[in-house]
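>>> Below are the sequence and a predicted model for it; my questions follow.
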Amino acid sequence: MSTFLEGVKVACTGSAATPLVLLGNFEVEDEWARDEVGLPSVAGRASAAIVNRMDEFAVLLAGGGDYVVLKSAPDPDYLSYLDGLGLDLPTILVTDGQDPANTVSVDALRSPRLLSELKKLDAHLFPHGMSTVEEQLCELTGLAPALPPAALVKSVNSKIYSRRVATELGLPQAHGWACETVTEFAAAADAARASLAAGRRLGIKDAFGVSGKGIMVVDDERRLDQLVRMVTRRAERSGDQRIALVVEEWADKALDLNYHFTVGRDGSVRFDFVKEAITENGVHKGHHIPARISPEHYAQIVQCAQLLGERLAADGFHGVVGVDAITTRDGGLLPVLEINARNNMSTYQTRLQETFMRPGMVALARQYHLTLMGHVSFAQMRDRLGGLLFTGQQGLLVNNFATVNAAATDDGRSYSGRLYGLLIAHSEEELTALDASIAERVQKEELVNV
Amino acid sequence: MTVTVATAERQEIFDAIVSALDEVLRQDLSGVTEQTRLFDDLNLDSTGVLGLLMALEDALDMQVDPESLEQRHLESVGALASFIAESR
């Protein structure tokens, strides 16, 4: 049976044997949003350094014949650990320098040595998501793009596109409005007052916001009016009446879901999986595998994936697609909250699932928040985790270590780190117990000074 | 840099910020001081900042344009308080 990635290679390049150059340009939405007008934005975001080091996830999606470009070399003990699990690792190429504020793609563009290495490869570039930055990389290196042109990829990633396609296909969705001008937004806000009056909340979403971010939840008219005034004032100042927002009634969610399919250049659609997403305040925190949903909902999701895949193919898209969906408390399913026609967090777990999960096993992909005072090596983390670290049976399989130290500062103040891993167990009870033990162990105060 | 709460106005702004943060974050804010960092210590995100500004507009009866805020104004509660004091 072919692997997930072999299927992607066939879909995007025509052959399962094509070598790929993987690039983990997470939050590619920021590139897509560059010329767009969304919610009023404020300067600065502390987590950019950590997000940019999510590039290391690509190591565990790629296979032995592939290449991965990273912002810096992984911790050698981390690589030995992965090697020790029997994983056939890709060739790792590193950018000439790295600026924490840059995505791996931007650092790669500024790396003459790396660019000359890439020129020698006969491979396809398979980024996390395709933007004009990755197109430039293809032009500079001669690498063939595994994905369609950036403008097309951007267009199908708009939340406005998601709403329109769901409407066109007759798929159930939350009552809402797509807004492309300030006037349309003001009119949508007016119409949405009835929802607020009926005690419902509204989500106002940037069409090109990062999944789970760029959403303002409003539960009273005063805030809604205030937002309309802010947006109107900005348009008056800039003279730009464009906007790209979606206003939706906030559904009464039971479970968050993420399902995944792959669209081929020939228009074929492969359903990959559905996972239960774990979110906190709307922000993605991880996945539970398998999703705890009814067979009926599962069947509906498979059918939606087919319909959406065919629609995306008709618009010229090929590549991997993740869709966020929810089940509602009244037993319903809203199958299209947003279409993410790029790699999803769940994409990066596929190889580990294939390799290590047997029938009946359960897994939790999650992140542990760390507060650190100094650099923590993988060897130190391994010692800290002890028997909780996955070595072939159960435990935490660390699937990104770069994010632990990404935000390190040299001013002596504490910094945040994220430890990402796939927690694998033989039962729900074992999974819950492992999760609690790991959380307790990595969040102990002593880690602050290791 | 240590900013001291020196005046009644400053205290009013600080209190308004804490109460606006409470509205947006709904978490325990008992340890918040002027030195508390909005992004690093409180995990505020950009949409959270927008909500924070709206709540401050209400509490202090003023208008804030998000675009006029710079990164340095959002480094800490104290930095935001100084920005608000200058904008009023």
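Yep, it's here.

>>> what does the least confident helix or strand in chain B by mean pLDDT contact?
In chain B, the helix or strand scored least confidently by mean pLDDT, DSSP states H and E is helix B:46-60, which has a mean of 87. Helix B:46-60 is contacted by residues A:39-42, A:45, A:213-216, A:222-223, A:226-227, A:230, B:12-13, B:16-17, B:19-21, B:23-25, B:38, B:44, B:62-64, B:66, B:69, B:74, B:84, B:88 when judged by CB atoms under 8 Å, 6 or more residues apart in numbering or on different chains. Any C-beta I mention is one placed from the backbone N, CA and C, and that applies to glycine too.

>>> Among these, which ones are in strands?
A:215-216 (DSSP state E).

>>> Select only the buried ones of the contacts of helix B:46-60 in ChimeraX?
Filtering the contacts of helix B:46-60 down to the buried ones (16 or more other CB atoms under 10 Å in any protein chain shown) takes a single ChimeraX command:
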select /A:39,40,41,42,45,213,214,215,216,223,226,227,230 /B:13,16,17,20,21,24,25,38,44,64,66,69,74,84
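
>>> Which ones among the contacts of helix B:46-60 map onto helices?
A:222-223, A:226-227, A:230, B:12-13, B:16-17, B:19-21, B:23-25, B:84 (DSSP state H).

>>> How about the residues of the stretch 201-350 of chain A by chain B?
A:213-216, A:222-223, A:226-227, A:230, A:233-234, A:237, A:283 (CB under 8 Å from any CB of the partner chain).

>>> switch the cut-off to 6 Å
A:216, A:223, A:226 (CB under 6 Å from any CB of the partner chain).

>>> okay, now A:G386: neighbour count?
Counted with other CB atoms under 10 Å in any protein chain shown, the neighbours of A:G386 add up to 10.

>>> Report the contact partners of A:E280.
Residues near A:E280 by CB atoms under 6 Å, 6 or more residues apart in numbering or on different chains: none.

>>> What residues of the helix or strand hosting A:E276 count as buried?
Using DSSP states H and E, A:E276 sits in strand A:269-280. Of all the residues in strand A:269-280, those buried under the rule 16+ other CB under 10 Å are A:269-278.

>>> Repeat that for stretch A:122-140.
For stretch A:122-140, burial by neighbour count (16+ other CB under 10 Å) applies to A:123-131, A:133-135, A:137-138.

>>> Next step: the residues you listed restricted to helices.
Counting by DSSP H, the buried residues of stretch A:122-140 contribute A:133-135, A:137-138 to helices.

>>> thinking again about what came up before, need the max-distance pair from the buried residues of stretch A:122-140.
Spatially, the most separated pair among the buried residues of stretch A:122-140 is A:A123 and A:S131, at 19.3 Å (CB to CB).

>>> So, low pLDDT: which residues of the chain?
Reading this off chain A. Counting by pLDDT under 70, chain A has low-confidence residues at A:43-47, A:212, A:281-283, A:444-450.

>>> was after chain B, sorry
Using pLDDT under 70, chain B drops low at B:1-6.

>>> Please repeat the previous calculation with a cut-off of 50.
B:1-2, B:5 (pLDDT under 50).

>>> re earlier: within the sheet, what are the partner strands of the strand holding A:E276, with directions?
Applying DSSP bridges to the sheet, strand A:269-280 is found paired with strand A:253-263 (antiparallel), strand A:283-289 (antiparallel).

>>> Could you point out the helix or strand that follows the last one?
Towards the C-terminus, the helix or strand next in line after strand A:283-289, according to DSSP H and E, is helix A:295-314.

>>> roughly how far out does the helix or strand following that next one sit from the chain middle?
For helix A:295-314, the succeeding helix or strand toward the C-terminus, using DSSP H and E, is strand A:319-328. Relative to its parent chain, strand A:319-328 has a centroid offset of 11 Å by CA atoms, centre = their mean, to the nearest Å.
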